[in-house]
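Student: My questions concern the predicted model and sequence given below.
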Amino acid sequence: MERLMPPGPAPTHDLIRLREPIALTADAPVPSWVERALRRIPWVVVRRGAVREGMIPVGVRGRARSQRFAAFLAVSEVADRLSPEDLAASPHVIERERKDAVPALAALARVATVLACRGQRWGPGGSVGFEVATGVPTATASSDLDLILRQDWRLGPDEAVDLRAALAEAAAPARVDVLLETPGGGVSLADLAARPEQVLVRTREGPLLTADPWRLSADTYLDRLS
């Protein structure tokens, strides 16, 4: 089913299937590998930012880890989109051979049990999410299991430590990398669990250090940008 993008903030981490594989625009010259990659797999990931003048900030994945390219896509060129939460509930069956070859894929079902018990809204990101969405083998034996958790309520340091330990145990031997999407932006669960005085928040306006990601204000942004 076709689902267009809403106005305002773009749904960060969503995966988009393009109507045409070369429908992107960019601020920089487009590398030659981009067209080849999109003709092979016509999917891009939504970058942090806003839908402005009908254009969505997106990123292209190539075959190599070094092949990443930032671009923009017109809303009218969206054929379909999948959120991380859609992928968590996906009926897509991961073949046993892939689970045996890629520990991060095998770990998906185990972390799903942990997060379901905690009532978390979540989904896979990174190469695992890309593979679940497209059905194309992109994750490798060394891939981390990237998880996106929608964290609208405050998560204290003790809770962060507990959640991180539970997910690490469930995902083993795969490494797990968790990004909490707070109302103010993305925060690493590992950073929060380390109990720093300030944590790095990935906002639409750029990175920001703050003591409380759940209480960002206009003044905070003004102080940072001045």
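Tutor: Yes, it's here. Residues are numbered from 1 along each chain as shown.
Student: Could you give the bridge partners of the spatially closest residue to Pro213 that is not a sequence neighbour?
Tutor: Once flanking residues are discounted, Pro213 sits nearest to Thr182: 4.5 Å by Cβ to Cβ, 6 or more residues apart in numbering. Backbone N, C-alpha and C define where each C-beta goes, glycine included. Counting by DSSP bridges, Thr182 is bridged to Gly185.
Student: Quick check: Thr182 touching Gln151?
Tutor: Yes: with contact defined as Cβ atoms under 8 Å, Thr182 counts as touching Gln151 (5.3 Å).
Student: Relative to Gly54, how far out is Asp27?
Tutor: Separation of Asp27 from Gly54 (Cβ to Cβ, to the nearest Å) stands at 16 Å.
Student: Pro31 against Ala70, yeah?
Tutor: No: if you go by Cβ under 8 Å, Pro31 and Ala70 don't touch, sitting 11.2 Å apart.
Student: to the chain's geometric centre, what's the distance from the helix or strand harbouring Val128?
Tutor: Here Val128 sits within helix 126-134, counting by DSSP states H and E. Using Cα atoms, centre = their mean, to the nearest Å, the mean C-alpha position of helix 126-134 is found 10 Å from that of the whole chain.
Student: ok, the residue nearest to Pro213 - contacts?
Tutor: Gln151, Asp152, Val201, Pro213, Trp214 (Cβ atoms under 8 Å, 6 or more residues apart in numbering).
Student: who wins for neighbours among the residues you listed?
Tutor: Of all these, Pro213 has the most neighbours under the rule other Cβ atoms under 10 Å, reaching 26 neighbours.
Student: show me what contacts that residue?
Tutor: Shown in contact with Pro213 (Cβ under 8 Å, 6+ apart): Leu180, Thr182, Gly184, Gly185, Val187, Val199, Val201.
Student: again, 10 Å this time
Tutor: Pro213 sits next to 151, 154-155, 180-187, 191-192, 198-203 when contact means Cβ atoms under 10 Å, 6 or more residues apart in numbering.
Student: repeat for Ala101
Tutor: Residues near Ala101 by Cβ under 10 Å, 6+ apart: Glu95, Pro137, Ala139, Thr140, Ala141.
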